[in-house]
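>>> Next input, structure requested:
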Amino acid sequence: MIEIFALTLGAIHFAVPLAYYICLKRNLNKPWSLKIDQNHIPILSIIIPTYNEASLIDRKLDDIFEQDYPKDKMKIIVVDSSTDETPSKAKQWKEKHREIELNIIEEDERKGKAYSLNTALKHVNGEIIVLTDADSFWAKDSLRESVKYFSDNRIGAVTAIKEPILNPRANSIVESTYRSFYNLVRVAESRIHSTPIFHGELAAFRRNLIDEIGGFSIKIGADDSYTATLIALRGYRAIAAQEVIAYELTPRSWRNYLKWRVRRGKHLIQHFSKSLREISKAPKGFKIVLAIESFLHLFNPWLLLIAIILFIASVLVNPLSFLNLAVIFTISIAILVKDSRKALFTWILNQAILIYSMIAGIWSKELTWKKIDELRKCREHREKF
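Numbering: from 1, shown residues only. Have a look, this model is predicted:
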């Protein structure tokens with residue numbers, strides 16, 4: 001009886017995301033049904049919230065400067081709360097690049113990313129607001145490719161797909177496997193209507209819609225995803241486009257990689273916990289996406305944990321049960337095959353991160369967090385870009 005219950009929970013845990021993935025894959029090549037003007041070039045305000053980014057700020061500003069986009073159509077706003085030389089380096093860069101407008105705002109106290117973004121809103125003048133992180137970089141045409149979608153009035157927000165800047169350590173395999181599925185899901189959800197997960201590496205929003213929702217929420221960490229979801233709930237589309245690419249630095253060590261993933265996990269848990277209450281208000285196409293993503297982040301990981309506990313108990317009670325032996329055999333085969341082993345390990349690790357994030361989030365929301373020095377010292381961003 002225990003093994004049947006365990007098998008049922010385990011089957012639900014794997015069947016729901018698998019069925020969702022298959023359904024999304026069928027929608028991947030679905031037409032956007034949008035009227036897109038490839039030459040749409042609105043005025044942009046690009047916001048970079050910074051905290052101790054002295055080793056990266058020059059490269060980040062260079063990255064924006066090198067975009068295939070008119071310099072007179074861009075304004076960069078750096079909102080800084082650093083204790084290092086980030087603002088002075090930004091000022092030095094500004095002196096050398098007079099052809100683009102750069103506004104540097106220095107905060108007296110570090111209160112979190114959303115506070116910094118709301119501070120920057122007082123200084124924007126663009127039709128489109130673009131958020132980005134100092135430790136990420138863009139493909140040369142990412143800015144132009146993202147804003148072209150705003151030529152259709154139904155688009156309220158656009159984000160990039162993320163490509164990790166990998167290192168030779170073991171966690172790079174996990175991250176690359178995770179991203180290959182993750183990016184497909186984000187784009188396919190967007191083809192249906194909208195995706196509820198946005199990326200701070202490049203997230204673009206209509207300025208008037210940001211004003212309508214009252215700016216960025218200071219109560220949760222996923223300011224990008226939650227803002228995009230609020231916009232989608234108003235009937236606009238919030239999409240991830242596959243030709244808009246942002247490159248992201250990833251930690252080398254397992255310890256820092258897991259800390260990095262847990263922080264992001266906490267923020268997504270906060271986001272879906274708040275968004276869960278709004279599902280009934282979602283437009284038809286977005287409703288099912290938001291409901292399933294909420295289930296996958298908030299409830300599905302616990303099904304796996306309970307199934308594993310019950311299965312272990314069942315094996316201890318009746319180790320020679322046909323069902324127990326069948327499950328053990330199936331798992332053994334999956335582990336022996338390289339591709340399935342990689343996918344299974346990545347999936348289980350992600351579920352463990354979500355469970356830990358939910359538990360750890362009871363004590364800390366991590367609205368401000370300690371920077372991972374490893375990212376700021378790594379060579380990959382200098383070698384690749």
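
>>> Surely E248 forms part of a strand?
Yes: assessed by DSSP: H, G, I helix; E, B strand; the rest coil, E248 belongs to a strand.

>>> Beta-bridge partners for it, please?
Here E248 sits in beta bridges with S136, P164, going by DSSP bridges.

>>> And for it, the neighbour number?
Residue neighbour count, defined by other Cβ atoms under 10 Å, stands at 20 for E248. Quick note: C-beta positions are derived from backbone N, CA and C, even for glycine.

>>> That one: what's it in contact with?
By Cβ atoms under 8 Å, 6 or more residues apart in numbering, E248 lies in contact with D135, S136, K162, E163, P164, I165, E201.

>>> Can you get me a residue count around the fifth one?
Which is P164. Using other Cβ under 10 Å, the number of residues around P164 comes to 16.

>>> That one against S180, yeah?
No: between P164 and S180 there is no contact under Cβ atoms under 8 Å: 10.4 Å.

>>> packing partners for the longest helix seen in the chain?
When the chain is scanned for its longest helix (criterion: DSSP state H), the result is helix 2-27. Under the contact definition 3 or more Cβ pairs under 8 Å, 6 or more residues apart in numbering; DSSP states H and E, helix 2-27 sits against helix 171-192, helix 284-298, helix 300-317, helix 322-336.

>>> For I348, find the nearest of these.
Comparing the helices and strands packed on helix 2-27 by their distance to I348 (Cβ to Cβ), the top pick is helix 300-317, with 7.5 Å.

>>> So which bits of that closest one are buried?
For helix 300-317, the buried set under the neighbour-count rule, 16 or more other Cβ atoms under 10 Å, comprises N300, P301, L303, L304, A307, I308, L310, F311, S314, V315.

>>> Can you pull out the residues in contact with it?
Outside helix 300-317, the residues that touch it by Cβ under 8 Å, 6+ apart are 2-3, 5-7, 9-10, 12-13, 16-17, 321, 323-324, 327-328, 348, 351-352, 354-355, 358.

>>> could you flag which of the residues you listed are buried?
When burial is judged by neighbour count using 16+ other Cβ under 10 Å, the buried members of these are 2-3, 6-7, 9-10, 13, 16-17, 324, 327, 351-352, 354-355, 358.

>>> so where do the strands sit in the stretch 51-200 of the chain?
Listed in chain order, the strands found in the stretch 51-200 of the chain under DSSP state E, counting those that start in this stretch are 74-80, 101-106, 128-131, 136-138, 155-165.

>>> would TSV of these with distance to S364 be doable?
Conversion of the strands of the stretch 51-200 of the chain to TSV gives the following (distance: least, Cβ to Cβ, whole Å):
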stretch	distance to S364
strand 74-80	23
strand 101-106	27
strand 128-131	23
strand 136-138	24
strand 155-165	25
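
>>> Tabulate these in TSV, adding columns for mean pLDDT.
Formatted as TSV, the entries for the strands of the stretch 51-200 of the chain read as follows, by pLDDT from 0 to 100:
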stretch	mean pLDDT
strand 74-80	96
strand 101-106	96
strand 128-131	97
strand 136-138	93
strand 155-165	91
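
>>> If A203 is in a bridge, with which residues?
Following DSSP bridges, A203 is listed with bridge partners L131, T159.

>>> can you pull the contacts of M74?
Shown in contact with M74 (Cβ under 8 Å, 6+ apart): I43, L44, I46, I64, Q67, I100, E101.

>>> Now, those residues that are in helices?
In helices, judged by DSSP H, the following of the contacts of M74 are found: I64.

>>> now, which of the contacts of M74 sits nearest L143?
Using Cβ to Cβ, Q67 is the member of the contacts of M74 that sits closest to L143, with 4.4 Å.

>>> Now the closest one: closest residue in space that isn't a chain neighbour?
With Cβ to Cβ, 6 or more residues apart in numbering as the criterion, Q67 has its nearest non-adjacent residue at 4.4 Å, and that residue is L143.

>>> Just list the residues touching that neighbour, thanks.
With contact taken as Cβ under 8 Å, 6+ apart, L143 is in contact with L44, I64, Q67, D68, Y69, V130, L202.

>>> Next one: V185 from I47, what distance?
27 Å (Cβ to Cβ, to the nearest Å).

>>> Check N118 too.
Summarising the geometry, the distance separating N118 from I47, computed by Cβ to Cβ, is 10 Å.

>>> Dump the contacts of M74 to a markdown table, plus neighbour count.
As requested, those are arranged in a markdown table below (neighbours: other Cβ atoms under 10 Å):
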| residue | neighbour count |
| --- | --- |
| I43 | 16 |
| L44 | 27 |
| I46 | 26 |
| I64 | 22 |
| Q67 | 18 |
| I100 | 18 |
| E101 | 15 |
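
>>> Please tabulate the contacts of M74 in a markdown table, including the columns distance to S340.
Compiled in a markdown table, the contacts of M74 are given as follows (distance: Cβ to Cβ, whole Å):
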| residue | distance to S340 |
| --- | --- |
| I43 | 49 |
| L44 | 44 |
| I46 | 42 |
| I64 | 41 |
| Q67 | 40 |
| I100 | 49 |
| E101 | 52 |
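
>>> Thanks again, I'm all set now.
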